[in-house]
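Undergrad: next one to model:
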Amino acid sequence: MTFFCIADKESSLGFRLAGVETREVSTRSDALEALKVALATEDAGVLLVTEKAASFLRAELNNLMYKNQKPLILELPSRGEAAKRRSVGDCLKDIIGVSA
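TA: So this is what the prediction gives:
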């Protein structure tokens, strides 16, 4: 199982230096193509997506996270951006419709 990363230009270098296969995106069409490549990569078990890149793919990522077991999708803060983290309660509310 390997890692695959979809990242904005500012964040992609760090992942490449760490040896993670990375696709740099700056538009929605770039992001959709990168997602297609990531899903076609058979041994990709963890998909890392930066916040800026995820903004292009919000609907697709939500669909994958809630319906598929693989790959595990982790959204990471983009370089230079303040992290906008959601609480566990907000995630549960979205997933099962129950407020924590």
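Undergrad: from here on, contacts and neighbour counts on C-alpha atoms
TA: Will do.
Undergrad: which parts of this structure are strands?
TA: For the chain, the strands defined by DSSP state E cover 2-7, 21-24, 44-50, 72-76.
Undergrad: what angle sits between the last one and strand 2-7?
TA: Here strand 72-76 runs at 40 degrees with respect to strand 2-7, directions being taken by axes from the mean of the first three to the mean of the last three C-alpha atoms, to 10 degrees.
Undergrad: strand 72-76 packs against which elements?
TA: Packing partners of strand 72-76 (3 or more C-alpha pairs under 8 Å, 6 or more residues apart in numbering; DSSP states H and E): strand 44-50, helix 51-56, helix 58-67.
Undergrad: quick one: the lengthiest helix in the chain to strand 44-50, angle?
TA: In terms of residue count, the longest helix belonging to the chain (DSSP state H) is helix 28-40. Between the direction of helix 28-40 and that of strand 44-50, the angle (the same axes, to 10 degrees) works out to 160 degrees.
Undergrad: what's the most buried one of the strands of the chain?
TA: When neighbours are counted by mean count of other C-alpha atoms under 10 Å, the highest per-stretch mean among the strands of the chain falls to strand 2-7, a mean of 24.
Undergrad: separation between residue 52 and residue 39?
TA: Residue 52 sits at a distance of 19 Å from residue 39 (criterion: C-alpha to C-alpha, to the nearest Å).
Undergrad: which of these two has more residues huddled nearby?
TA: Set residue 52 next to residue 39 and count neighbours by other C-alpha atoms under 10 Å: residue 52 wins out with 23 against 15.
Undergrad: correct me if wrong: that one contacts residue 7.
TA: Yes - A contact is recorded between residue 52 and residue 7 when judged using C-alpha atoms under 8 Å, the distance being 7.4 Å.
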